[in-house]
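S.K.: sequence first, predicted model second:
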Amino acid sequence: MKTRAQEPADSRYLYEQIYSELKEEILSGKYRKGDWFPPERVLKDRFATTHLTVRNALAKLVLEGYIERYSGKGTVVIYARESASAPRKALRFPWAHVILEDLDEANAALLEKLEAQLRKVPLPVRISCHGGDVVLQQGLCREAERNGALVILQPARGLPRPEGTPPAVIVISAFDTGGSGPRVFIDDAEGARRTVRSLADRGHRRMALLAAAMPSPGLQRGFLEEIAARRLPADAGIVRSCSPGAEGGAAATRTVRAAVPDCRAFFCSSDETAAGALAAIRDEGMTPGGDAAVIGFGNTRLARSLRLSSVDPGFEKAAERLFATVQAAMSQGALSTEVFPIIPEVCVRDT
């Protein structure tokens, strides 16, 4: 007789078998409400299969309201056998429509993390950009609402949660937009504060923020607030706008250095801008990480390849939080109204 491990069964059908077996154990009372469910590794060994197959079986139990999964803690049974009511009706979405302001370097990194998480649900993903056009943003939201899709919206910068936003929407932004739906916001202001602290702790008493295009309003606010909190001189914080990309960052760095020669610390609103600042600093014969400092924003592949210090916005944490919110909504039949702040971290490297 073949064991399960020897069966050439398609994993799509195997996870259904595992789901059915585990569901029956819950219904029979083997596991009661509040009990910890066996971890993935135990179920993987028990059914002689892969983590992915077990994960798909557990995801279906979550969607039907039998179990709840908590990152880093485990899985808890939430179905009460003695209850007369049936499991909560699952909320279904045909797809998730991710509506971004633009598809720049940072949003591309965010989208990569989002897609990886939403594949676990599983939920197909569509992507649109509104370019800051509020009318286009509202039209995309209405179209998604007509089709019953979940909207993951990055609203136009500086604007609150737009009127007429459909109920099945999660806002992800660099500021708290207000409103009644779930919001995941990346606290760029706190990221800027931590950057100023990092530079000041390394002896820099004058520093520049190089902001390409339309940066998050939180970056400039946090930058100037922390300089004031550190009791640095009023002119210690220099804010310069610049063209996007490395060329813009290099030109802005040269302009600042010509006007304020004792400014040797540069915080840039993107890693591409920081790459230009890095080149300009080296052209002057200064050593980044020695007598000068450059910090980017995004912690992208570019930053890692250049050994560039950079602020990690926490896109992975934001994507995980979004996944947990979507998963909970699908199992409970409604979206929460919680606000989830994500705090960026400064990744210090050679520069």
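M.R.: Nice, I can see it.
S.K.: then stretch 31-50 to CSV, C-alphas only?
M.R.: The C-alpha coordinates for stretch 31-50 follow below in CSV (Å, rounded to 0.1, in the frame of the first residue of the first chain):
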residue,chain,number,x,y,z
TYR,A,31,-9.6,20.8,18.8
ARG,A,32,-11.8,23.3,20.7
LYS,A,33,-12.1,27.0,20.5
GLY,A,34,-9.0,28.6,21.9
ASP,A,35,-6.8,25.5,21.4
TRP,A,36,-3.4,26.0,19.6
PHE,A,37,-3.4,24.2,16.3
PRO,A,38,-0.3,22.1,15.3
PRO,A,39,2.4,24.2,13.6
GLU,A,40,3.1,24.0,9.9
ARG,A,41,6.3,21.9,10.4
VAL,A,42,4.3,19.3,12.4
LEU,A,43,1.6,19.1,9.8
LYS,A,44,4.1,18.9,7.0
ASP,A,45,5.7,15.9,8.5
ARG,A,46,2.4,14.3,9.4
PHE,A,47,1.1,14.6,5.8
ALA,A,48,4.5,14.0,4.2
THR,A,49,4.2,17.1,2.0
THR,A,50,5.5,20.6,1.5
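S.K.: after the helix or strand of the chain with the lowest mean pLDDT, which helix or strand is next?
M.R.: When the helices and strands of the chain are scored by mean pLDDT, DSSP states H and E, strand 169-173 comes last with a mean of 75. Per DSSP states H and E, the first helix or strand lying C-terminal to strand 169-173 is strand 183-186.
S.K.: can you point out the buried residues in that following strand?
M.R.: 183, 184, 185, 186 (16 or more other Cβ atoms under 10 Å). From N, CA and C alone the C-beta is placed, and that goes for glycine too.
S.K.: so what's the first one bridging to?
M.R.: Beta-bridge pairing for residue 183 (DSSP bridges): residue 171, residue 339.
S.K.: check whether it really touches residue 155, as I assumed.
M.R.: No - Residue 183 is beyond contact range of residue 155, at 10.1 Å (criterion: Cβ atoms under 8 Å).
S.K.: before we move on, back to that, just send the buried residues of strand 183-186 back as JSON lines, with pLDDT too.
M.R.: Output for the buried residues of strand 183-186, formatted as JSON lines (pLDDT from 0 to 100):
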{"residue": "183", "pLDDT": "80"}
{"residue": "184", "pLDDT": "83"}
{"residue": "185", "pLDDT": "82"}
{"residue": "186", "pLDDT": "86"}
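S.K.: residue 41 sits in which helix or strand?
M.R.: helix 40-47.
S.K.: so after that helix, what's the next helix or strand?
M.R.: helix 51-63.
S.K.: got the CA coordinates for that next one in CSV?
M.R.: What follows is helix 51-63, C-alpha atoms only, in CSV (Å, rounded to 0.1, in the frame of the first residue of the first chain):
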residue,chain,number,x,y,z
HIS,A,51,5.1,23.7,3.6
LEU,A,52,3.2,25.4,0.7
THR,A,53,0.6,22.6,0.5
VAL,A,54,0.0,22.8,4.2
ARG,A,55,-0.2,26.6,4.0
ASN,A,56,-2.8,26.4,1.3
ALA,A,57,-4.9,24.0,3.4
LEU,A,58,-4.6,26.3,6.5
ALA,A,59,-5.5,29.3,4.4
LYS,A,60,-8.8,27.7,3.4
LEU,A,61,-9.6,27.0,7.1
VAL,A,62,-8.9,30.6,7.9
LEU,A,63,-11.2,31.8,5.1
